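Peer 1: No letters, just coordinates:
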């Protein structure tokens, strides 16, 4: 039996760079930073007072009453899914809802709701806690809301693998279609945890940049003076569709989702394996699954979060898994780290790179680390014909996910 | 407080919690069938009404409050 091909027919996003995919992509190509100061009163006492906050508030898109029932992570997943759905043209296609699935994850979940309702509990007692609390904070909430909005009945799934979540949700969508469980899967990730507690937690791990006086320069993957990641918020959603289904309805196809590789380190709860063993295996599995050669992967949208250890571990892994030919970029230099949405947003960037033949820059790469022995689109876009590209995502817990996208 | 005043107070709550148009709120209207207030929103309405009117609406009483008029009568009797 020949294998089922899966293509991408819709994209949606709301990010620190823009309220949709087009504005986000334009900002990426312009090398703009989405990082800024946190001006909220609570930020004053934190060691980290910068973040990449949404360019467009959900209140500008969804109505007030609907937003009362949605955690911020759910609201933005819904916004991105609505865009992707509209982009796909599936709304009026007569798609059987029993053939439509959703796979949308979040790294942390409805933390803003949990924390806000805990404040209410402490201040006013249990009867004042909102009856919407549980559906707002449950980790499957974003997937459930997206599924509900689109009427998906082939299964609604919520992957949680920390910062690999968005990519793993996409990989699950691929599996759902290949295994015949769905013809279309709306897949991606969402995250909205800009709040003192998550910031304090990451900050206590010494994982975050404290370059508070220069927010736009704070996220600097592979630069010698990088000092940690910058927290971002946002959502990215892809519409994955069986290739022959898309062809039959004459759909616009952005790219093929050609393959995925998922491994786990089995090494440490937060540290990546020092030799990148799990990452190397994930990349190898992805290219084997995609049935492409190493040499075909001419571009990698790297996980590169701007942490001292992680950035170089990934370089080592890429070198071992692919060789030194691909041109890399780290779009987190502009977007910050969207945690559970990162893999989805970076998949979108990878797909648009294939479409447009242009690699968005890694900004703030002024003084490259000595260990960076690969070609990076540093500070300027790189025009390159990209028939096939890789997107890496790694998460606390030892999760490694690699996705291969190819020209349709 | 007159029944009209209670009704308009409920209308404010219903608009805030569930986006119900205040013009649609009248004593004969059913919360679920006419005003499209679901069970979770009804909990919010009850808690907000307790606060606004200074009454206690026990959970076992809520199921008897089918219409706006039922709620008005209950609040009127308590206050």
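Peer 2: Yep, it's here. On a predicted model such as this, the values are computed, not experimentally measured, just so you know.

Peer 1: contacting residues for the residue nearest to residue A:403 when sequence neighbours are not counted?
Peer 2: Once flanking residues are discounted, residue A:403 sits nearest to residue A:391: 4.7 Å by CB to CB, 6 or more residues apart in numbering or on different chains. (C-beta placed from N, C-alpha, C; glycine too.) By CB atoms under 8 Å, 6 or more residues apart in numbering or on different chains, the contact list for residue A:391 reads A:167, A:300, A:301, A:343, A:346, A:347, A:350, A:402, A:403, A:405.

Peer 1: again, only this time at 6 Å
Peer 2: By CB atoms under 6 Å, 6 or more residues apart in numbering or on different chains, the contact list for residue A:391 reads A:301, A:346, A:347, A:350, A:403.

Peer 1: Number of residues surrounding the first one?
Peer 2: Translated: residue A:301. By other CB atoms under 10 Å in any protein chain shown, 28 other residues sit near residue A:301.

Peer 1: I'd assumed residue A:347 was in contact with it.
Peer 2: No: counting by CB atoms under 6 Å, residue A:301 stays clear of residue A:347, with 7.8 Å between them.

Peer 1: that older thread, from the contacts of residue A:391, pick the one nearest chain B.
Peer 2: residue A:347 (34.5 Å; CB to the nearest CB).

Peer 1: Can you report how many residues neighbour that closest one?
Peer 2: Counted with other CB under 10 Å, residue A:347 comes out at 29.

Peer 1: Phi and psi next, for it.
Peer 2: phi -60, psi -40 (degrees, to the nearest 10).

Peer 1: need the contact list for the closest residue to chain B within chain A.
Peer 2: Chain B sits closest to residue A:65 of chain A, with a gap of 3.4 Å, by CB to the nearest CB. When contacts are counted by CB under 6 Å, 6+ apart, residue A:65 touches residue B:19.

Peer 1: roughly how far apart are it and residue B:34?
Peer 2: Using CB to CB, to the nearest Å, residue A:65 is found at 17 Å from residue B:34.

Peer 1: if we can go back for a sec, is it true that the residue nearest to residue A:403 lies in a strand?
Peer 2: Yes: if the criterion is DSSP: H, G, I helix; E, B strand; the rest coil, then residue A:391 is within a strand.

Peer 1: per-residue pLDDT, it?
Peer 2: pLDDT for residue A:391: 98.

Peer 1: Look up which residues are beta-bridged to it.
Peer 2: With DSSP bridges as the criterion, the beta-bridge partners of residue A:391 are residue A:301, residue A:403.

Peer 1: what about it, distance to residue A:202?
Peer 2: In terms of CB to CB, residue A:391 sits 23 Å off from residue A:202.

Peer 1: Residue numbers of chain B in contact with chain A?
Peer 2: Residues of chain B lying close to chain A by CB under 6 Å from any CB of the partner chain are B:19, B:40, B:43.

Peer 1: Turn these into TSV, including pLDDT and secondary structure.
Peer 2: Below are the residues of chain B next to chain A laid out as TSV (pLDDT from 0 to 100; DSSP: H, G, I helix; E, B strand; the rest coil):
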residue	pLDDT	secondary structure
B:19	95	coil
B:40	93	helix
B:43	94	helix
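
Peer 1: which of those are buried?
Peer 2: By neighbour count, with 16 or more other CB atoms under 10 Å in any protein chain shown, the residues of chain B next to chain A hold B:19, B:40, B:43 as buried.

Peer 1: all strands of chain B, in order?
Peer 2: Using DSSP state E, chain B contains no strands.

Peer 1: what ranges do the helices span in it?
Peer 2: B:3-18, B:39-53, B:59-62, B:68-78 (DSSP state H).

Peer 1: right, and those - which one's nearest residue A:280?
Peer 2: helix B:39-53 (48.1 Å; CB to CB).

Peer 1: buried set for that closest one?
Peer 2: So, applying 16+ other CB under 10 Å, buried residues of helix B:39-53: B:40, B:41, B:42, B:43, B:44, B:45, B:46, B:47, B:48, B:49, B:53.

Peer 1: just those now: which is nearest residue A:113?
Peer 2: Using CB to CB, the buried residues of helix B:39-53 come closest to residue A:113 at residue B:40, 13.8 Å.
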